[in-house]
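Visitor: Here's my sequence, what's the structure:
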Amino acid sequence: MGTPHNGAEVGEIAKTVLMPGDPLRAKFIAENYLEETTCFNTVRNMFGYTGVYKGKKVSVMGHGMGMPSMGIYSYELYDQYQVEEIIRIGSAGALADDVDVMDIVIAMAASTNSNYASQYMLPGILAPIADYDLLQKAVTVAKEMNCSVKVGNVLSSDTFYTDDETFNDAWKKMHVLAIEMEAAALYYNAARLGKKALCILTISDHLYTHKELSAEERQTGFRQMMEIALKTAVS
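Guide: Just a heads-up that it's a prediction; the model follows:
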């Protein structure tokens, strides 16, 4: 029957889904990496595709910007479409001194300034973390591809523009590697529903050195990330 946000029928989406923020990046992956591809969703132009990669059925779908958007799409995939694994692939701004543009950052955990977890009414703070098996596979694949890869804590921020001038410094002193905007919601949903999740990021800019990727470097870096995620999905 689909949902208000996803026109797919049950069975049209693979057990493993790659999720970039930009739906056009989902379209790019489907057209350049998958075979036997079908489009299962165009609702709100949040394109979703299912195809075959190295003999295994894999889906790819955009998730939009921010935790509310990721929260909706990933929850429906897990809960209503029987998806077992979601791998977010996105960009991030580096905080740590030893992280550079073009590096691959794999989020072992996702700190956040969001109140997303308040819905669970927990008597404390649940640390949203990646699935270990997916993380281990992704690190192995990245190293086999000779990518510069860092693994650690990222920040999933609710704010892209902030009035707080101390914001970056506060997270940097806690050795958070980079800032993005969706992983925590994905990890919380996976924890709540007993599913698997991982976030793989390409560093597109550094918030202290102010280096940033050119358009050409962005394309190359994002391709590396896509290939790591695809190989992780089928390994």
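Visitor: Spatially central residue for this protein, please.
Guide: By C-alpha atoms, centre = their mean, the mean C-alpha position of the chain lies nearest to Arg88, the distance being 1.9 Å.
Visitor: Just to be sure, that one is in a helix?
Guide: No - Arg88 is assigned strand when assessed by DSSP: H, G, I helix; E, B strand; the rest coil, not a helix.
Visitor: ok, now which ones touch it?
Guide: 19-20, 63, 70, 182-183, 186, 197-200 (C-beta atoms under 8 Å, 6 or more residues apart in numbering). C-beta here means a position set from N, CA and C on the backbone, and glycine is covered the same way.
Visitor: Kindly state the beta-bridge partners for the closest residue to Ile129 other than its chain neighbours.
Guide: Beyond its immediate neighbours in the sequence, the residue positioned closest to Ile129 (C-beta to C-beta, 6 or more residues apart in numbering) is Ala109, lying 4.8 Å away. Partner residues in beta bridges with Ala109, using DSSP bridges, are Ile129, Asn153.
Visitor: does Ala109 really touch Ala130, like I thought?
Guide: Yes - under the criterion of C-beta atoms under 8 Å, Ala109 lies in contact with Ala130, with a separation of 7.1 Å.
Visitor: So which of these two has more stuff around it?
Guide: Ala130 (26 against 20; other C-beta atoms under 10 Å).
Visitor: residues in contact with the helix or strand bottoming out on mean pLDDT in the chain?
Guide: The element with the least model confidence among the helices and strands of the chain, by mean pLDDT, DSSP states H and E, is helix 215-234, at a mean of 91. Applying C-beta under 8 Å, 6+ apart, the external contacts of helix 215-234 come out as 16, 18, 25, 29, 33, 53-56, 58, 85, 87, 89, 91, 101-102, 104, 134, 137-138, 141-142, 145, 147, 198, 200-204, 213.
Visitor: again, only using 7 Å
Guide: When contacts are defined by C-beta atoms under 7 Å, 6 or more residues apart in numbering, helix 215-234 is touched by residues 16, 18, 29, 33, 53-54, 56, 58, 87, 89, 102, 104, 134, 137-138, 141-142, 145, 147, 200, 202, 204, 213.
Visitor: and if you look at stretch 32-46?
Guide: Counting contacts by C-beta under 7 Å, 6+ apart, the residues outside stretch 32-46 that touch it are 5-8, 12-13, 23, 30, 47-53, 58, 61-62, 64, 226, 230.
Visitor: List only those of those residues flagged as buried.
Guide: In terms of neighbour count (16 or more other C-beta atoms under 10 Å), the buried residues within the contacts of stretch 32-46 are 6-8, 12-13, 23, 30, 47-51, 53, 58, 61-62, 64, 226, 230.
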